[in-house]
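>>> What shape does this take:
(chains A and B)
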Amino acid sequence: QQQVKQSPQSLIVQKGGIPIINCAYENTAFDYFPWYQQFPGKGPALLIAIRPDVSEKKEGRFTISFNKSAKQFSLHIMDSQPGDSATYFCAASMGNNNDMRFGAGTRLTVKP
Amino acid sequence: DAGITQSPRHKVTETGTPVTLRCHQTENHRYMYWYRQDPGHGLRLIHYSYGVKDTDKGEVSDGYSVSRSKTEDFLLTLESATSSQTSVYFCATIGNNYGYTFGSGTRLTVV
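Below you'll find the predicted structure:
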């Protein structure tokens, strides 16, 4: 039973487009929601994270939108570039962060 | 993946053989984690450690054991490898920013 559901599985956009990746969670005790970016042959790397006390967080071209009542959060990539082509994972954890639950991942392709 | 080294990077082993994967960190982090990554499942926690000789089970711990005799090393052992354990294994630590830092992974194939 996956506690964090991620969609879509794959996404193709043109350069400059705004890909949006969505995640939904079940456990209302989750209080930390990060996004990770993974390139082939590498481990995931923390991209951006949000706590449920805010509805939006921006870091450069990456934005997390958070809807606590709907138990959903999403990643938006502004002005996407071919270098953003990677697999993106959403995740959620609670308390001491020792059992982070990951979504299944979204493979993003940004075409030149 | 600064500060975390996983070894080996690739391994092919036969069903029923024991396998040990190693994670070495240089930043003196207290917490260390082992995850496996499979298509359609994302990353799933196998075991984690919160100090020397202190470990606990994760979501998919069956068939795996871990040991941590030194702060810098966290070992994952498959006592008797099965084909269902073919996967990419990642070690992680938790940094000051509360986020996980992952190693580069070990690709394990059980034939």
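>>> what about B:N96, which SS state?
Three-state call for B:N96 (DSSP: H, G, I helix; E, B strand; the rest coil): coil.
>>> For B:E27, see how far away it is.
Distance from B:N96 to B:E27, counting by CB to CB, to the nearest Å: 10 Å. C-beta here means a position set from N, CA and C on the backbone, and glycine is covered the same way.
>>> Over to A:A45?
As judged by CB to CB, A:A45 and B:E27 stand 16 Å apart.
>>> Quick one: name the residues of chain A near chain B.
Taking CB under 8 Å from any CB of the partner chain as the contact definition, chain A meets chain B at A:2, A:4, A:6, A:32, A:34, A:36, A:41-46, A:49, A:89, A:91, A:97-105.
>>> Kindly recompute the last result at 10 Å.
Listed as neighbours of chain B in chain A under the rule CB under 10 Å from any CB of the partner chain: A:1-4, A:6, A:9, A:32, A:34-36, A:38, A:41-49, A:51, A:87, A:89-91, A:93, A:96-105.
>>> Which of these fall within strands?
Among the residues of chain A next to chain B, DSSP state E puts A:4, A:6, A:34-36, A:38, A:45-49, A:87, A:89-91, A:101-102 in strands.
>>> How about the backbone phi and psi for the residue of chain A found nearest chain B?
Closest residue of chain A to chain B, CB to the nearest CB: A:G43 (3.2 Å). Torsion angles at A:G43 (phi, psi; degrees, to the nearest 10) stand at phi -80, psi 160.
>>> mind listing what the residue of chain B most remote from its centre touches?
Centroid-distance maximum for chain B: B:N97 at 21.3 Å, with CA atoms, centre = their mean. Counting by CB atoms under 10 Å, 6 or more residues apart in numbering or on different chains, B:N97 touches A:34, A:46, A:49.
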